[in-house]
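Asker: What shape does this take:
(chains A and B)
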Amino acid sequence: NAGVMQNPRHLVRRRGQEARLRCSPMKGHSHVYWYRQLPEEGLKFMVYLQKENIIDESGMPKERFSAEFPKEGPSILRIQQVVRGDSAAYFCASSPWDRGPSQPQHFGDGTRLSIL
Amino acid sequence: RKEVEQDPGPFNVPEGATVAFNCTYSNSASQSFFWYRQDCRKEPKLLMSVYSSGNEDGRFTAQLNRASQYISLLIRDSKLSDSATYLCVVNIRGATNKLIFGTGTLLAVQP
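Answerer: The predicted model follows:
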């Protein structure tokens, strides 16, 4: 009965490299959300995906960031050409939408991204 | 103005004390409300959902006042293990289920 699984737990990249963060939702959940927490700040919504569909990407930076949730496999948050300001904790959450929007979201352990 | 506002604290209280946190939200379309707790550098964990009728879970009581757009959390008989950041969270009515987080209130329970 695994919860939301994220990997890697820690990721170090140099400026200009690409970062790929992975998230597998809880069993039975088909809705995935990505949030970012900058140092000393609150969590900010980035993107909401269902299988093969991006539903809401209003929180995603316009450039360098993309997300997908393929039919098979985990959801991927991809950051191209990383910069120091991308250093943050990235959390993935999932929920069973079929029970309606009042259902709380369950979070993974997060990926701590550090940019050198 | 932030969508969800909380007093950042810290609240330093002795073991056994009762402590209350408040939160206000600005969007009247907010439809679901939660308290999460976050330990240092860990993921947010759901503490409880919040309903207009008020709800209680052991030592924790949450209250929602929709007219005032105000949410509260009361912790009775504080334990050392209650030390954490408490996040006030709302969900906005609409096509998606994205959560809006407050920046959190830090609680430190002292022995």
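
Asker: dump the residue contacts of B:Gly54.
Answerer: Residues near B:Gly54 by CB atoms under 8 Å, 6 or more residues apart in numbering or on different chains: B:61-64. For the C-beta atoms, the positions are set from N, CA and C on the backbone; glycine is no exception.

Asker: near chain B, which residues of chain A?
Answerer: A:31, A:33, A:35, A:41-45, A:48, A:55-56, A:58-59, A:89, A:91, A:93, A:95, A:97, A:101-110, A:112 (CB under 8 Å from any CB of the partner chain).

Asker: Just the buried residues of the residues you listed.
Answerer: Buried by 16 or more other CB atoms under 10 Å in any protein chain shown: A:31, A:33, A:35, A:42-45, A:48, A:55-56, A:59, A:89, A:91, A:93, A:95, A:97, A:101, A:103-110, A:112, out of the residues of chain A next to chain B.

Asker: so is A:Phe91 in a helix, a strand, or just coil?
Answerer: With DSSP: H, G, I helix; E, B strand; the rest coil as the basis, A:Phe91 sits in strand.

Asker: Wait, it touches A:Arg112, no?
Answerer: No. Counting by CB atoms under 8 Å, A:Phe91 sits too far from A:Arg112 to count as a contact (10.2 Å).

Asker: Tell me the spacing between B:Ile71 and B:Gln31.
Answerer: In this view, B:Ile71 and B:Gln31 are 13 Å apart by CB to CB, to the nearest Å.

Asker: These two: which is more packed in?
Answerer: Neighbours per residue (other CB atoms under 10 Å in any protein chain shown) separate B:Ile71 from B:Gln31, with B:Ile71 holding more: 26 against 15.
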